[in-house]
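Novice: Sequence and predicted structure are below.
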Amino acid sequence: MKLMDRDAALQDLLEKHVFTEWLQDLALIENNFLSRQQAIADELMAALESLCQLATVQHEQGRKGDIRYIYISLLRTRVMKNKAIYRIDAYDENWFLDGAECAVEWSADFIFEPLFNRMAKLEQLKSNYARKITTMDIEQIQQIEAVKYHLLTVEFLKSQMPVFVASPSLARMPKAEVCTIFAGEFRDDSKILCRFTSDGGAEKREGGSSWIISS
């Protein structure tokens, strides 16, 4: 049997153990979610409410203006350590030039765990390729595959926005007339999860104005 060169070995690994394997992870992710659905939703809301409370304190201290942007960002460096950590930041009108850091972290391991388990198996399989495949190759594959799981996370986040927008913590937080929530990668490409606007003509509710959500 002819020995494979590095490119052939990498292609063989991808075709046999990577390209379609993520489809099997979908059922695992669904089971993870259904078994802990309320706890997962509560953990996200707890992180978002902590962010609102921190932003409110900073506003009261005169360190931050009304919140105009909230970013939920995947930290790639943490993915390299097999942790699906998202950083959630609140910014005033100065956006990335906002000098008062206001951030919390949230874990999406319930979505990424099957990916991390698959990559651990790839690390073991690399020995079958006579040192043609390296740990660095596996790390690069993990970063590429992570995009699929990040997109699933973004869809989950979007599904939770109506609950967050109705939360008392957000109602109390000083907000700009238009506030936008994004999801993406840290200070990189992002997608609008929702935009909510103060409805000046709507009936007031306790703690602040009514808000209209738009996707």
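Specialist: Done, it's in.
Novice: neighbours of residue 38, just the number please.
Specialist: 7 (other C-beta atoms under 10 Å). For glycine as for every other residue, the C-beta is placed from the backbone atoms N, C-alpha and C.
Novice: and it, how far is that from residue 146?
Specialist: Using C-beta to C-beta, to the nearest Å, residue 38 is found at 26 Å from residue 146.
Novice: in this structure, which spans are strands?
Specialist: 67-74, 85-91, 103-107, 175-185, 190-198, 211-214 (DSSP state E).
Novice: what is the mean pLDDT for the last one?
Specialist: Confidence over strand 211-214, taken as the mean pLDDT, stands at 48.
Novice: now do stretch 64-79
Specialist: Stretch 64-79 shows a mean pLDDT of 96.
Novice: Endpoints of it, how far apart?
Specialist: For stretch 64-79, the first-to-last residue distance is 31 Å (C-alpha to C-alpha, to the nearest Å).
Novice: Show me what counts as buried in that stretch.
Specialist: 64-65, 67-75, 78-79 (16 or more other C-beta atoms under 10 Å).
Novice: Show me the one of the strands of the chain that comes nearest residue 31.
Specialist: strand 103-107 (17.8 Å; C-beta to C-beta).
Novice: Packing partners of the closest one?
Specialist: Here strand 103-107 touches helix 37-60, strand 85-91, going by 3 or more C-beta pairs under 8 Å, 6 or more residues apart in numbering; DSSP states H and E.
Novice: tell me the most buried of those?
Specialist: For those, the largest average neighbour count (mean count of other C-beta atoms under 10 Å) is found in strand 85-91, namely a mean of 21.
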